[in-house]
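Q: got a predicted model here, sequence first, then my questions.
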Amino acid sequence: MKNKFLFLTILVVFLSLIAQGQAKYVFLIIGDGMGLNQITGTEMYLAELEGEIGFRPLLFTQFPNAGLLRTHSASNGVTDSAAAGTAIATGSKTKNGTVGLDSTLFNPVYSIAVKARNAGKKVGIVTSCGLDDATPSAFYAHQPKRNMQYEIAINAYSSRFDFFGGATFTKPETRSDGSLGHNVYRQMEEEGYVLAYGFDEYKEKSADADRIIVMEKKERKLLDLIYAIDRQESDLTLAQLSEAAVEHLSRNNDKGFFLMIEGGTIDVACHANDAATTFAEVLDMDESVKIAYDFYRKYPEETLIIVTADHETGGMVLGAGSSRLNLQVLQHQKMSQMALSSRIVQLREQKNNKVSWEDIKSLLTEAMGFWDKVTLTPAEEEQIREAYKTTFVDGDASKVETLYQKDEKISVAATRILNRKANVGWMSTGHSAGFVPVFAIGAGSESFNHLMDNTQLSQKILEVADF
């Protein structure tokens with residue numbers, strides 16, 4: 001009787017695995033710095049724009065399976081993107097600042113992307129940041145320090161992955177010791193990669209390319225793609241890169257693919273404590289999720305989509321001192337804190353540092369809606385006047401520095417005021433150790449609906465994918 005029961009149990013498990021199917025096409029989409037409140041805040045902001053209290057769901061939060069990840073690294077309770085990216089990509093904990101090596105900093109650990117390539121799948125890496133940034137490099141590189149960008153770029157073309165898409169490689173000629181090396185772009189072309197600068201050039205070159213690297217136009221000289229809130233029509237977007245990756249990886253391919261897409265500039269905006277820009281970046285990443293979902297609809301039994309984050313950034317708080325949110329006020333911010341800083345620098349140059357208070361008022365009315373759509377209290381106006389006085393009267397042109405940005409004091413003061421009016425708070429300009437979410441749909445997605453360590457994510461993918 002016991003043997004019969006055991007046989008039936010094994011049969012049920014076996015049949016359930018068959019019913020789930022294996023994932024031939026895997027999308028892993030990572031919102032860098034995207035914690036629970038970055039997602040919730042975006043959804044509640046959308047509802048407030050329609051005059052309602054509640055939420056308007058993003059596509060990925062409607063996926064049928066959801067879980068949570070723990071994010072600590074081998075060396076720190078609060079991880080960085082290098083260690084978190086390595087844990088997600090390889091299933092191994094490592095120390096902060098390290099990509100693709102275990103915690104000894106000597107032994108390489110190999111990502112699910114490499115395992116997919118070794119199984120005959122095509123592989124793509126897409127990011128809104130530099131392609132040698134921490135999260136994307138965790139899928140192909142093995143370096144003890146994340147700032148070894150030249151060496152990481154060499155690992156990129158050595159990976160033989162089929163598609164790379166991002167802003168740039170940030171140090172194409174300078175080794176980590178400061179010496180000059182052979183230009184990595186030339187090396188990439190020598191290794192058979194086609195380089196395309198901009199989406200239009202990708203479309204021109206893609207048909208004849210076996211392996212391709214798509215970046216922003218050379219003249220832009222950007223380390224990251226332009227924030228969605230600042231974007232012009234000609235700017236390269238994460239959605240365009242995602243679309244190009246799916247098209248390239250699908251072409252003449254009956255074996256399947258693995259594609260990692262990173263919304264990396266969510267993290268950059270959170271480090272700057274810029275709520276309006278953060279919500280715009282989460283929405284922008286959701287556009288890439290839609291591209292993956294359109295593919296899933298064509299092949300629902302063979303496609304797995306996972307959306308997650310490497311860590312939370314900024315300790316975002318929704319309800320900073322009051323139970324009443326006012327997120328809709330953020331709609332009046334028309335440019336990022338970074339772009340506003342650039343406009344102030346332009347004013348300084350145009351007026352030989354003789355910028356008037358009226359000049360600043362005019363700019364802030366345009367950029368933030370102040371004195372027009374957004375009423376300032378006397379105390380709030382005084383904060384901006386004080387930043388103006390320090391900068392243009394006292395001549396202190398020093399910047400407010402966060403991890404990725406150096407912003408004008410006036411720009412930072414204006415953003416902080418608008419955040420407070422929205423009732424959005426920030427605990428820091430660094431990372432936090434909170435849980436991050438996982439959302440999944442498609443073949444094997446039931447495996448992701450519980451609390452996991454971040455090292456378990458790649459293990460679960462390997463269990464449900466056919467590589």
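A: Yep, it's here. Since the structure is predicted, the reported quantities are computational estimates derived from the model, not experimental observations. Numbers count the residues shown, from 1 in each chain.

Q: average pLDDT for stretch 249-260?
A: Stretch 249-260 carries an average pLDDT of 96.

Q: outside of it itself, list whatever touches it.
A: By CB atoms under 8 Å, 6 or more residues apart in numbering, the list of residues contacting stretch 249-260 from outside reads 23-30, 89, 112-113, 116-117, 120-126, 136, 139, 162-163, 242, 245-246, 292, 295, 302, 465-467. Placement of C-beta: from N, CA and C, glycine included.

Q: so Asp102 sits against Ala87, correct?
A: No - Asp102 is beyond contact range of Ala87, at 10.7 Å (criterion: CB atoms under 8 Å).

Q: more neighbours, these two?
A: The residue with more neighbours, out of Asp102 and Ala87, is Ala87; 28 against 18, by other CB atoms under 10 Å.

Q: the more buried one: which element?
A: Per DSSP states H and E, Ala87 falls inside helix 81-90.

Q: tell me the gap between that helix and the middle of its chain.
A: Centre-to-centre, helix 81-90 and its host chain are 14 Å apart (CA atoms, centre = their mean, to the nearest Å).

Q: care to break the protein down by domain?
A: Domain assignment for the chain by automatic domain parsing gives 24-318+429-464, 327-422.

Q: for the first one, what is the distance to the chain centroid?
A: In other words, domain 24-318+429-464. 6 Å.

Q: still on that earlier bit, what's downstream of the helix holding Ala87, the next helix or strand?
A: Following helix 81-90 in sequence, per DSSP H and E, is helix 112-118.

Q: and the following helix or strand past that following helix, which strands flank it?
A: Next along the chain after helix 112-118, taking DSSP H and E as the criterion, comes strand 122-127. Strand 122-127 sits in its sheet next to strand 163-165 (parallel), strand 257-263 (parallel), going by DSSP bridges.

Q: let me know the average pLDDT across strand 122-127.
A: 98.

Q: closest one to Gln456 among the strands paired with strand 122-127?
A: strand 257-263 (17.0 Å; CB to CB).

Q: mind listing what's buried along the closest one?
A: Neighbour-count burial for strand 257-263, with 16 or more other CB atoms under 10 Å as criterion, is recorded at Phe257, Phe258, Leu259, Met260, Ile261, Glu262, Gly263.

Q: tilt between that strand and helix 81-90?
A: 160 degrees (axes from the mean of the first three to the mean of the last three CA atoms, to 10 degrees).

Q: still on that earlier bit, quickly list what's touching both of Asp102 and Ala87.
A: Taking CB under 8 Å, 6+ apart as the contact rule, Asp102 and Ala87 both touch Lys93, Thr94.

Q: quick revisit: can you say which of the contacts of stretch 249-260 are buried?
A: Buried by 16+ other CB under 10 Å: 23-30, 89, 112-113, 116-117, 121-126, 136, 139, 162-163, 242, 245-246, 292, 295, 302, 465-467, out of these.

Q: show me what the one helix or strand Glu382 maps to is packed against.
A: Assigned by DSSP H and E, Glu382 falls within helix 378-388. Counting contacts by 3 or more CB pairs under 8 Å, 6 or more residues apart in numbering; DSSP states H and E, helix 378-388 packs against helix 357-368, helix 409-422.

Q: again, only this time at 6 Å
A: Contact here means 3 or more CB pairs under 6 Å, 6 or more residues apart in numbering; DSSP states H and E; on that basis helix 378-388 packs against helix 409-422.

Q: in the stretch 101-250 of the chain, which spans are strands?
A: For the stretch 101-250 of the chain, the strands defined by DSSP state E, counting those that start in this stretch cover 122-127, 163-165, 193-197, 211-215.

Q: tabulate these (a markdown table), appending distance to Thr365.
A: Compiled in a markdown table, the strands of the stretch 101-250 of the chain are given as follows (distance: least, CB to CB, whole Å):
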| stretch | distance to Thr365 |
| --- | --- |
| strand 122-127 | 35 |
| strand 163-165 | 37 |
| strand 193-197 | 36 |
| strand 211-215 | 36 |
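
Q: which among those strands is found nearest to Lys460?
A: Using CB to CB, the nearest of the strands of the stretch 101-250 of the chain to Lys460 is strand 122-127, at 18.5 Å.

Q: could you export stretch 267-280 as PDB, keeping only the C-alpha atoms?
A: In PDB, the C-alpha atoms belonging to stretch 267-280 read as follows (Å, rounded to 0.1, in the frame of the first residue of the first chain):
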ATOM      1  CA  ASP A 267      18.900  53.200  -9.100                       C
ATOM      2  CA  VAL A 268      20.600  56.400 -10.300                       C
ATOM      3  CA  ALA A 269      17.500  58.400  -9.700                       C
ATOM      4  CA  CYS A 270      17.000  56.900  -6.200                       C
ATOM      5  CA  HIS A 271      20.600  57.700  -5.200                       C
ATOM      6  CA  ALA A 272      19.700  61.300  -6.100                       C
ATOM      7  CA  ASN A 273      16.500  61.100  -4.000                       C
ATOM      8  CA  ASP A 274      14.500  62.300  -7.100                       C
ATOM      9  CA  ALA A 275      11.000  60.800  -6.700                       C
ATOM     10  CA  ALA A 276       9.400  62.100 -10.000                       C
ATOM     11  CA  THR A 277      12.400  60.800 -12.000                       C
ATOM     12  CA  THR A 278      12.300  57.500 -10.100                       C
ATOM     13  CA  PHE A 279       8.600  56.900 -10.900                       C
ATOM     14  CA  ALA A 280       9.300  57.800 -14.600                       C
END
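
Q: outside of that stretch, which residues touch it?
A: 32-33, 38, 42, 45, 227-229, 281, 313-314, 330, 333, 336-337, 402-405, 415, 419, 424, 426, 429 (CB atoms under 6 Å, 6 or more residues apart in numbering).

Q: just checking, which of the residues you listed belong to helices?
A: The helices, defined by DSSP state H, take in Gln38, Thr42, Tyr45, Glu281, Gln337, Thr415, Asn419 from these.

Q: what's the closest of those to Leu195?
A: Nearest member of the ones in helices among the contacts of stretch 267-280 to Leu195, counting by CB to CB, is Glu281, at 26.3 Å.

Q: what's the pLDDT at that closest one?
A: With respect to pLDDT, Glu281 has a value of 98.

Q: same check on Phe467?
A: So Phe467 comes in at 85 (pLDDT).
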